[in-house]
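Q: no FASTA, just this:
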């Protein structure tokens, strides 16, 4: 797994833990939804500034976005938050 994939999965993990849809999260970060989607898919090379924005939005230290253990947990999440909320 690459670092960009790990960060993307961790963004998904923390967003999921905060029960936020992508639409709700983009309002918080001011990123475009398409950009958030490519972040979570691990297909974008993030700047340090954007990593800092992501970490601050979750009130976590930036290094937690690089945690491979939580990234692996995120791989098991449903693809849509509303699927989780129905369970």
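A: Done, it's in. All values derive from a computational prediction rather than experimental measurement.
Q: quick one: what helix or strand has residue 54 in it?
A: helix 48-58 (DSSP states H and E).
Q: what does that helix rub up against?
A: Contacts to helix 48-58, defined as CB atoms under 8 Å, 6 or more residues apart in numbering, come from residues 7, 11, 14-15, 18, 25, 28-29, 31, 39, 46, 61-62, 64-65. Any C-beta I mention is one placed from the backbone N, CA and C, and that applies to glycine too.
Q: What average pLDDT does the helix or strand following that helix get?
A: As assigned by DSSP H and E, the chain's next helix or strand after helix 48-58 is helix 68-74. Helix 68-74 carries an average pLDDT of 96.
Q: coming back round to it: next one: the helix holding residue 54 to chain centre, how far?
A: The chain centroid and the centroid of helix 48-58 are separated by 10 Å, computed with CA atoms, centre = their mean, to the nearest Å.
Q: Flag every buried residue along that helix.
A: Buried residues in helix 48-58, defined by neighbour count with 16 or more other CB atoms under 10 Å: 50, 51, 53, 54, 55, 57, 58.
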